[in-house]
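> here is the input, now give the coordinates:
(one chain, ligands or ions: 1)
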Amino acid sequence: MRKPIIAGNWKMYKTLSEAVDFVEQVKSQVPANDKVEAVVCAPALFLPTLVEAAKGTDLAIGAQNMHFETEGAFTGEISPTQLADIHVQYVVLGHSERREYFNETDEAVNKKAHAAFAHNLVPIICVGETLEEREAGQTVSKVSSQVKAAIKDLSSEQVAQAVIAYEPIWAIGTGKTATAADANEVCGEVRHAIAEEIGAEVAEKTRIQYGGSVKPANVEELLSMEHIDGALVGGASLEVDSYLKLLEAGANA
Ligand SMILES: O=C[C@H](O)COP(=O)(O)O
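Numbers count the residues shown, from 1 in each chain. Predicted structure coming up:
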């Protein structure tokens, strides 16, 4: 049985006071951690304050990116050591916005995944196809190759702990959600790619999220699907009520 994981990805939204206000409102209402894993991936600037605000609760705080080196002359970057030092627990890697606007490659995502595990951070590794790739019938090959590249040379234990987020790029922030059946089919292909790379037993343990215009109105159906173990949510994770509804759906899935 895979525990559902609902992760909000705030992207470059909110001020510090808005972020703290959100955590203060949400933290006492988060469902028990044995039912659902609740995560908020916030802008780096807010992380120490939010980790402190959420301390002792079932709300976990994640980062949205990091460098793969432990330290070095990389102006503007944040290291896995620095995230671990302030007790951040999760890190989003290879989001399509980072791949598109910041030239993040499959190779870099793989290095970051290794670095995350070396520092006890759980990576949420994003994969997904563009609309052109979908229309050209390349969804499965694109997503499978991204998954295999991202988990290359990780141990079985690490892959079992990793979270893969399938996010079709055409569904992000557009209001267009993949149908639950389509999302499930591709998440099943993600599991198949993991099985091919490292083994079926491990693939059964890895949690696979769907992301792309997930909201309270569609989350239950998505989470009811065999291969969808959670959601990575942008817009609908920004409001307290909406985020709590997503968590509730996760706890009941
Ligand atoms: O990381 C989250 C995704 O990019 C989805 O964003 P969205 O829920 O606003 O479509």
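> now whichever residue of the stretch 151-253 of the chain sits closest to the ligand, what are its backbone angles?
Of all residues in the stretch 151-253 of the chain, Gly234 sits closest to the ligand, with a separation of 2.5 Å (C-beta to the nearest ligand atom). Quick note: C-beta positions are derived from backbone N, CA and C, even for glycine. For Gly234, the backbone dihedrals are phi -90, psi -100 (criterion: degrees, to the nearest 10).
> all strands of the stretch 1-150 of the chain, in order?
5-9, 37-41, 59-63, 90-93, 122-127 (DSSP state E, counting those that start in this stretch).
> report the angle between the longest one and strand 37-41.
This points to strand 122-127. In terms of direction (axes from the mean of the first three to the mean of the last three C-alpha atoms, to 10 degrees), strand 122-127 departs from strand 37-41 by 70 degrees.
> name the residues of the stretch 1-150 of the chain found near the ligand, please.
The interface of the stretch 1-150 of the chain toward the ligand, taken as C-beta under 6 Å from any ligand atom, is made up of 9, 95.
> run the last query once more with 5 Å
Applying C-beta under 5 Å from any ligand atom, we find that the stretch 1-150 of the chain lies next to the ligand at Asn9.
> where along the stretch 1-150 of the chain do the helices fall?
Applying DSSP state H, counting those that start in this stretch to the stretch 1-150 of the chain gives helices spanning 16-26, 47-54, 80-85, 96-101, 106-118, 131-135, 139-150.
> mean neighbour count for those helices - can I get that in JSON lines?
Conversion of the helices of the stretch 1-150 of the chain to JSON lines gives the following (neighbours: other C-beta atoms under 10 Å):
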{"stretch": "helix 16-26", "mean neighbour count": "16"}
{"stretch": "helix 47-54", "mean neighbour count": "19"}
{"stretch": "helix 80-85", "mean neighbour count": "19"}
{"stretch": "helix 96-101", "mean neighbour count": "16"}
{"stretch": "helix 106-118", "mean neighbour count": "20"}
{"stretch": "helix 131-135", "mean neighbour count": "14"}
{"stretch": "helix 139-150", "mean neighbour count": "20"}
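> and those helices, which one is worst for confidence?
For the helices of the stretch 1-150 of the chain, mean pLDDT drops lowest on helix 131-135, to a mean of 94.
> what sits up against that helix?
Residues outside helix 131-135 that contact it (C-beta atoms under 8 Å, 6 or more residues apart in numbering) are 139, 142, 168-170.
> any idea what the residue minimising distance to the centre of the chain is bridged to?
Per C-alpha atoms, centre = their mean, the C-alpha nearest to the average position across the chain is that of Ile124, at 3.8 Å. In this structure, Ile124 has beta-bridge partners Val92, Val163, where bridges are defined by DSSP bridges.
> what score does it have for pLDDT?
Confidence per residue is given as pLDDT, and for Ile124 that number is 98.
> same thing with Glu226?
As summarised for this prediction, Glu226 has a pLDDT of 97.
> same check on Gly175?
Model confidence at Gly175, given as pLDDT, is 84.
> need the contact list for the nearest residue to it once chain neighbours are set aside.
For Gly175, ignoring the flanking residues on the chain, the nearest one in space by C-beta to C-beta, 6 or more residues apart in numbering is Ser213 at 5.4 Å. Counting by C-beta under 8 Å, 6+ apart, Ser213 makes contact with 171-177, 235.
> and those, which are buried?
Burial by neighbour count, judged by 16 or more other C-beta atoms under 10 Å, picks out 171-172, 177, 235 from the contacts of Ser213.
> what is the lowest-pLDDT residue among these?
Across the set of those, Thr177 stands lowest in pLDDT, at 80.
> can you pull the contacts of the residue lying closest to Asn9 once chain neighbours are set aside?
What sits nearest to Asn9 in space, not counting adjacent residues and going by C-beta to C-beta, 6+ apart, is Cys41, at 4.8 Å. Cys41 makes contact with 7-10, 61-64, 90-92, 124 under the criterion C-beta under 8 Å, 6+ apart.
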